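# Sequence and predicted model, in that order:
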Amino acid sequence: MSRPPFLSSRAEALQPSLTLAISARAKALQQEGRDICSLSAGEPDFETPAFIVEASVQALRDGVTRYGPAAGDPVLREAIAHKISAENGVPTTASEVLVTNGGKQAIYNLFQVVLNPGDEVLIPAPYWLSYPEMARLAGAQPVAVPSSARTGFKPDLDALEAAITPATRLLVVNSPGNPTGHVLSLEELELLADLLRRHPRLLVMTDEIYEYLVDEGITHHSLAAVAPDLQDRCFMVNGFAKGWAMTGWRLGYLSGPAAVIKAASALQSQSTSNVCSFAQSGATAAIEGSRDCVREMAASYNLRRQLLIDGLQALPGITLVPPRGAFYAFPQLPEGCGDSVSFCTRALEEEGLAIVPGGAFGDDRCVRLSCAVSRETITDGISRLARLLPVD
Ligand code: PLP
């Protein structure tokens, strides 16, 4: 489809989503009657826990159907502040919390209110694919700093520091990470904190949306808890989508210094206004409720993540850094598989296997597979992948 001649330069510069192209083709093939095995999901395969749904239904019945404060329902902001203080170890007040339309809007708003045209945003690669586009939408320049499967997808601190220029304004940290499943250790966070101390102009955004989805024995740490002296430069992004299986509810939050939250709230008041009022009632029930449901779902992903890891590790030529969090694996393909988009296109056409090209996440040698699908789908997907690999 050709683009109309009146698009803004911002819209012109937006990269079309590679992942959407693959899923649209997968759907089309399925409609033609092809047997498609999809490991491309980016969302939980559970229903939202019933007590959360009930709280929202009750709120609707109680007439919670009107405009609310743009920054979020004060009760929910307070509950989030309490959660961040108690669970993440980062002392936070309600004025330091903005309720957003998913984690996505938290990131978008933050970038809009702290970045100026010409600023650079440091993004360790592989990265979640929306960060660079949102940086560009704020007029800033994304600067990807690669790490590789060979080095365990650990952030390359020397390369990160070498990439800092006088224009660098913001560092993006995502742990547990999408797509690699890498969970930053305490030691890695301390080293990152030292780097930030050496560069006092740098702000940092920590995207912690997969915080509850970590393997047995792995602990998620928030950077602002590890380095309280940096709290005035730390912005935390989080949400309800992954931990509580609430992707469609569009509920996230941004927390950080009150002045920035106020600016982001003003932006929100002039763009989207408050997040859906009765959805916020469900979120309040979720965050104030027991974490048992979250733990049960996390335990289920852990089992399925291990099944995916075992299957991938048995394939010849695959380099896999075992993911320890989130619900993805990001294996590096053997030589001779071509670039990730042509490999994923071939996987779909020849084997009916829908997986996501690593190029979308900044590493064209890899592909992303999800374990938020049934055990049968994982096993089936691994068999299809095996048939696509070169035989030596
Ligand atoms: N951050 C990461 C790393 C993600 O993977 C996602 C969603 O896939 C988001 C943020 C956005 O989540 P939400 O659905 O809450 O907007």
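Sure thing, it's come through. Numbers count the residues shown, from 1 in each chain.
# Which parts of the stretch 251-392 of the chain are strands?
252-255, 328-329, 353-354, 356-357, 367-370 (DSSP state E, counting those that start in this stretch).
# Count the neighbours of A28 for me.
A28: 12 surrounding residues under other C-beta atoms under 10 Å. Just so you know, the C-beta spots here come from the backbone N, C-alpha and C atoms, and that holds for glycine as well.
# now do E188
18.
# My read is that it contacts F153, right?
No: using C-beta atoms under 8 Å, E188 and F153 do not qualify as a contacting pair, with a distance of 11.1 Å.
# Report the buried residues of stretch 106-119.
The neighbour-count check on stretch 106-119 (16 or more other C-beta atoms under 10 Å) flags 106-115, 119 as buried.
# try stretch 148-163
The neighbour-count criterion (16+ other C-beta under 10 Å) identifies 148-149, 153-157, 160, 163 as the buried residues of stretch 148-163.
# ok, so of the residues you listed, who is nearest the ligand?
When those are compared for distance to the ligand, the smallest value, 14.1 Å, is given by F153; criterion: C-beta to the nearest ligand atom.
# Phi and psi next, for that closest one.
Reported as degrees, to the nearest 10, the phi and psi values for F153 are phi 60, psi 30.
# just checking, it touches T180?
Yes: counting by C-beta under 8 Å, F153 sits close enough to T180 to count as a contact (4.3 Å).
# Now the common contact residues for the two.
Between them, F153 and T180 share these contacting residues under C-beta atoms under 8 Å, 6 or more residues apart in numbering: 126, 321, 330.
# Next one: the second one relative to the ligand, how far apart?
Taking C-beta to the nearest ligand atom, to the nearest Å as the measure, V321 and the ligand are separated by 17 Å.
# For that residue, grab the count of nearby residues.
As a burial measure, V321 scores 22 neighbours (other C-beta under 10 Å).
# residues from the stretch 1-150 of the chain in reach of the ligand?
Within the stretch 1-150 of the chain, the positions adjacent to the ligand are 42, 102-104, 128 by C-beta under 6 Å from any ligand atom.
# Tell me the one among the buried residues of stretch 106-119 nearest to the ligand.
I107 (6.6 Å).
# got the contact list for the closest one?
Taking C-beta under 8 Å, 6+ apart as the contact definition, I107 lies against 130-131, 134, 205, 207, 237, 254.
# Out of those residues, flag the one nearest to V356.
Of all the contacts of I107, V356 sits closest to S130, with 13.5 Å by C-beta to C-beta.
# Look up the closest residue to that closest one, ignoring the ones flanking it.
In space, not counting the residues next to it along the chain, S130 is nearest to K104; the distance is 6.4 Å by C-beta to C-beta, 6 or more residues apart in numbering.
# shouldn't that neighbour be in contact with L254?
No: because the distance of 10.9 Å does not satisfy C-beta under 8 Å, K104 is recorded as not touching L254.
# which pair in the buried residues of stretch 148-163 spans the largest distance?
Across these (C-beta to C-beta), the longest gap, 20.2 Å, separates A149 and A163.
# Flag every buried residue along the lengthiest helix in the chain.
Scanning the chain for the helix with the most residues, using DSSP state H, yields helix 292-313. Applying a neighbour-count criterion of 16+ other C-beta under 10 Å, one finds 293-294, 297-298, 300-302, 304-305, 308-309, 311-312 buried in helix 292-313.
# any residues touching it, and which ones?
Outside of helix 292-313, the residues that reach it under the criterion C-beta under 8 Å, 6+ apart are 44, 46, 49, 51, 181, 212-216, 243-245, 318, 320, 322-323, 327, 329, 331, 369, 371-373, 375, 378-379, 382, 385.
# What's the ChimeraX line that selects buried ones from the residues you listed?
Typed into ChimeraX, the next command selects the buried ones out of the contacts of helix 292-313 (criterion: 16+ other C-beta under 10 Å):
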select :44,49,181,212,213,214,215,243,244,245,318,320,322,323,327,329,331,369,371,372,373,378,382,385
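# Filter the contacts of helix 292-313 down to the ones in helices?
When DSSP H is applied, these are split such that 51, 375, 378-379, 382, 385 fall in helices.
# Dump these to CSV, plus pLDDT.
Rendered in CSV, the data for the ones in helices among the contacts of helix 292-313 read as follows (pLDDT from 0 to 100):
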residue, pLDDT
F51, 98
R375, 97
I378, 98
T379, 98
I382, 98
L385, 97
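# lowest-pLDDT helix or strand in the protein?
helix 18-31 (a mean of 84; mean pLDDT, DSSP states H and E).
# which parts of that one are buried?
Judged by neighbour count using 16+ other C-beta under 10 Å, the buried positions of helix 18-31 are 18-19, 22-23, 25-26, 29.
# How about stretch 238-254?
Along stretch 238-254, the positions that meet the burial threshold by neighbour count (16+ other C-beta under 10 Å) are 238-247, 249-254.
# Give me the distance from it to the chain's centre.
Taking C-alpha atoms, centre = their mean, to the nearest Å, one finds stretch 238-254 lying 11 Å from the centre of the chain it belongs to.
# Export that stretch to PDB, keeping only CA atoms.
Once non-C-alpha atoms are left out, stretch 238-254 reads as follows in PDB (Å, rounded to 0.1, in the frame of the first residue of the first chain):
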ATOM      1  CA  ASN A 238       5.800  -1.300  35.100                       C
ATOM      2  CA  GLY A 239       2.400  -2.700  34.500                       C
ATOM      3  CA  PHE A 240      -0.200  -5.300  35.100                       C
ATOM      4  CA  ALA A 241      -0.100  -7.000  31.700                       C
ATOM      5  CA  LYS A 242       2.400  -9.700  32.200                       C
ATOM      6  CA  GLY A 243       2.300 -10.600  35.900                       C
ATOM      7  CA  TRP A 244      -1.500 -10.600  36.300                       C
ATOM      8  CA  ALA A 245      -2.400 -11.600  32.700                       C
ATOM      9  CA  MET A 246      -4.100  -8.300  32.000                       C
ATOM     10  CA  THR A 247      -2.700  -7.300  28.500                       C
ATOM     11  CA  GLY A 248      -6.100  -6.100  27.200                       C
ATOM     12  CA  TRP A 249      -6.800  -4.000  30.200                       C
ATOM     13  CA  ARG A 250      -4.100  -1.500  29.200                       C
ATOM     14  CA  LEU A 251      -2.800  -0.700  32.700                       C
ATOM     15  CA  GLY A 252       0.700   0.400  33.500                       C
ATOM     16  CA  TYR A 253       2.500   2.900  35.600                       C
ATOM     17  CA  LEU A 254       5.500   5.200  35.600                       C
END
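# Please consider this matter closed, and thank you.
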